[in-house]
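*Asks:* please find the sequence and the predicted model below.
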Amino acid sequence: MMTNLFSSFDPMSSMFYLPMNWLSTMMGLLLLPTIYWLYPMRIFMIWNTLLINLNNEFKTLLSKNKNLGSTFIFISLFTFILFNNFLGLFPYIFTSSSHITFTLTFALSMWLSFMLYGWINNMQHMFAHLVPQGTPSVLMPFMVCIETISNIIRPMTLAIRLAANMIAGHLLLTLLGNTGPMIMSSTLLIQILILSQIMLLMLELAVSIIQSYVFAVLTTLYSSEVN
């Protein structure tokens, strides 16, 4: 019995003192080798087309002096988050992307690597980025403080955005699912409940794609600012 509404997002199930819920994060690695030896199917052709479009879009977001192959980092990030978002829509599978430990790990590591690269190699550019062009001299100290704070909270906003959006839809699904036993006497209400669950599940499917895309795009934009 669920004592807390948020207990479904707490990875407590374990076997031999190992957390079993987090195994869903690595399930995709079992499916990747089949891409290299199976006969090309339509789903793989569609996936390759999507990756090519993402690669072209990330190239436009990066600066002109970008390194070759740097877009594959963000494509891999998009793929990994998208896969975990999809897995969370299946019953009895823990949604790792709704946990702040998962999202903050990616956001903080990517942001920290960008900051270290920028301040070590392009220190003058990073200082110039703290004061937007055309800022009056009186407002320059305030702009430095504002830009510094906005830069520091970027990993937190990335992590909270993804986790909050994934938790919100799953909470709605949980609330609607718990009201099912209370209205068993009314057939019409049950049909409305099932229809609303299906519509909400389709919405969560779209949210899973959009949030993984937003996370990858924002990370790409943060990377382009340090060059």
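*Replies:* Cool, got the structure. Numbers count the residues shown, from 1 in each chain.

*Asks:* could you find the closest non-adjacent residue to Asn122?
*Replies:* When the adjacent residues along the chain are set aside, Asn122 lies closest to Val226, with 6.3 Å between them (CB to CB, 6 or more residues apart in numbering). Bear in mind the C-beta positions are built from the backbone N, C-alpha and C, glycine included.

*Asks:* what are the ranges of the strands in this structure?
*Replies:* All strands of the chain, identified by DSSP state E, fall at 14-15, 18-19.

*Asks:* the residue nearest to Asn122 reaches Met123, doesn't it?
*Replies:* No - taking contact to mean CB atoms under 8 Å, the distance of 10.5 Å between Val226 and Met123 leaves them out of contact.

*Asks:* is it true that Ser196 touches Thr179?
*Replies:* No - using CB under 8 Å as the test, Ser196 is too far from Thr179 to be in contact (10.1 Å).

*Asks:* who touches both of those two?
*Replies:* By the contact definition CB atoms under 8 Å, 6 or more residues apart in numbering, Ser196 and Thr179 are jointly contacted by no residue.

*Asks:* tell me where the chain is predicted with low confidence.
*Replies:* Low-confidence segments of the chain, defined by pLDDT under 70, are located at 1-22, 28-40, 63-69, 184-186, 227.

*Asks:* now do the helices in it.
*Replies:* With DSSP state H as the definition, the chain shows helices at residue ranges 28-31, 34-37, 42-61, 71-87, 100-121, 123-129, 140-152, 154-178, 187-224.

*Asks:* pull out the buried residues from the third one.
*Replies:* If I follow you right, that is helix 42-61. Under the neighbour-count criterion of 16 or more other CB atoms under 10 Å, helix 42-61 has 51, 54, 58, 61 buried.

*Asks:* closest one of those to Tyr213?
*Replies:* Sorting the buried residues of helix 42-61 by how near they are to Tyr213, with CB to CB, puts Leu54 at the top with 8.3 Å.

*Asks:* what's the neighbour count on the residue lying closest to that closest one once chain neighbours are set aside?
*Replies:* Nearest non-adjacent residue to Leu54, counting by CB to CB, 6+ apart: Ile75, 5.5 Å away. Here the number of neighbours of Ile75 (other CB atoms under 10 Å) works out to 17.

*Asks:* Ile75 contacts Leu50, correct?
*Replies:* No - between Ile75 and Leu50 no contact is recorded; they are 9.5 Å apart, counting by CB under 8 Å.

*Asks:* what sits against the closest residue to His129 other than its chain neighbours?
*Replies:* Nearest-residue entry for His129: Glu225, 6.4 Å, with adjacent residues in sequence omitted and distances by CB to CB, 6+ apart. When contacts are counted by CB under 8 Å, 6+ apart, Glu225 touches 114, 118, 129.

*Asks:* pull out the buried members of these.
*Replies:* Using 16+ other CB under 10 Å, the buried ones in these are 114, 118.

*Asks:* so can I have TSV of the contacts of Glu225 showing distance to Asn85?
*Replies:* Shown next, in TSV, are the contacts of Glu225 (distance: CB to CB, whole Å):
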residue	distance to Asn85
Phe114	24
Gly118	29
His129	32
